[in-house]
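Asks: what's the 3D shape of this:
(chains A, B, C and D)
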There are 2 protein chains.
Amino acid sequence: MVLDPVDQEICRLLQENGRMTFADIAQRVGLTAAPVLARVNKLEAAGVIGSYHAVLGREKLGFAMTAFVAVILKSHGTAECRDFVAAIVEVPEVLECHHIAGEEDYLLKVVAQSPKDYERLINDRITNLPQVRRVKTILVLSSAKESTTVPVKVNP
Amino acid sequence: MVLDPVDQEICRLLQENGRMTFADIAQRVGLTAAPVLARVNKLEAAGVIGSYHAVLGREKLGFAMTAFVAVILKSHGTAECRDFVAAIVEVPEVLECHHIAGEEDYLLKVVAQSPKDYERLINDRITNLPQVRRVKTILVLSSAKESTTVPVKVNP
DNA sequence: CGTGAAACTTTCAAGAT
DNA sequence: ATCTTGAAAGTTTCACG
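Replies: All right, here's what the predicted structure looks like:
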């Protein structure tokens, strides 16, 4: 699918503020609401716009810790990987699960309320899994940027 | 701030669908739109709800690559770190920048359209920075989960 | 918290450029 | 083809009970 500059601007605006009204977007891109709606519907149908989410203030909810967890599996058979992934994606504190190339097999991003909670999470829900050989914690001290906004080029 | 079960459910719903209408939310939590609006305003003011965003389908926009980049700085003075972070957060392809404890100093999440693009990004925008000693790329092969949804406890 | 009312937004069909 | 207009339905937002 080809994005003209108006589509690109709509994507930029909705990445920045996912609750912006079509009337508002229309004004900023120099159209009326109807064609903006049509374009957004088209962008959603094409999968260019995938979903909309509120992002919560984690620390306000008591999540004082973020960490990346590098996981090495015991073996790398298809079934082994499948079962590990199936179990790990069900853990709500695991926000991300990436299969990676490198010394380790998977890189997880996890949140926890406290070191104690983190310990329980790692022990009971991760290290515990029969496929896991070893885990390494990379503790996040602070995050200077944490966004899902990708660049939508203005000059095609 | 204390979240009662209705606040928690509102947070859960808005994490799941950031464009859900207040009328819709109201129906699901068994209220009318007015009190839902009041609660959302309060949650936003308290920073529990931080922001709303559309998440784009990266691959549809040509971002075929995701990688984590572990960075070691030459030194760890306050100014050095500050200047590195200030430069790195301006790079649109760098979606996340975390200060970490471990062998490396920073962990970045970056997206790129191709290996060539990735090379340019790493060379010209990262390795290049005067504070950087060394970078290590951890290539993402696939992501089984990539979310910002944190658990909002149902049982206080 | 609910109601009702005003203002605004969404959404669609028909017609203009 | 894509936009505008205009109108109906739905949503937001407020003051009052």
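
Asks: use CA for all of it now, contacts and neighbours both
Replies: Will do.

Asks: in stretch A:84-91, what counts as buried?
Replies: Buried positions in stretch A:84-91, judged by neighbour count with 16 or more other CA atoms under 10 Å in any protein chain shown: A:84-85, A:88-89.

Asks: biggest separation within those, which pair?
Replies: A:Phe84 and A:Val89 (8.7 Å; CA to CA).

Asks: Show me the residue sitting in the middle of chain A in space.
Replies: What sits nearest the mean C-alpha location of chain A, by CA atoms, centre = their mean, is A:Glu96, with 6.2 Å.

Asks: In a strand, that one, correct?
Replies: Yes. A:Glu96: assigned to a strand according to DSSP: H, G, I helix; E, B strand; the rest coil.

Asks: So what does the closest residue to it other than its chain neighbours have for phi and psi?
Replies: Leaving aside its sequence neighbours, A:Glu96 sits nearest to B:Glu146 (CA to CA, 6 or more residues apart in numbering or on different chains; 4.4 Å). Note on B:Glu146: its backbone torsions stand at phi -150, psi 100 [degrees, to the nearest 10].

Asks: isn't B:Glu146 right up against A:Leu95?
Replies: Yes. Assessed by CA atoms under 8 Å, B:Glu146 is found in contact with A:Leu95 at 6.1 Å.

Asks: ok, now which ones touch the closest residue to A:Pro115 other than its chain neighbours?
Replies: Excluding its sequence neighbours, the residue lying closest to A:Pro115 (CA to CA, 6+ apart) is A:Met65, at 7.5 Å. Contacts for A:Met65 (CA atoms under 8 Å, 6 or more residues apart in numbering or on different chains) come out as A:111-115, A:118, A:140.

Asks: Now with 10 Å, please.
Replies: Going by CA atoms under 10 Å, 6 or more residues apart in numbering or on different chains, A:Met65 touches A:58-59, A:110-115, A:117-118, A:139-142.

Asks: A:Ala33 too?
Replies: Counting by CA under 10 Å, 6+ apart, A:Ala33 touches A:21-27, A:39.

Asks: Any regions of chain A where pLDDT drops low?
Replies: Applying pLDDT under 70 to chain A flags the ranges A:154-156.
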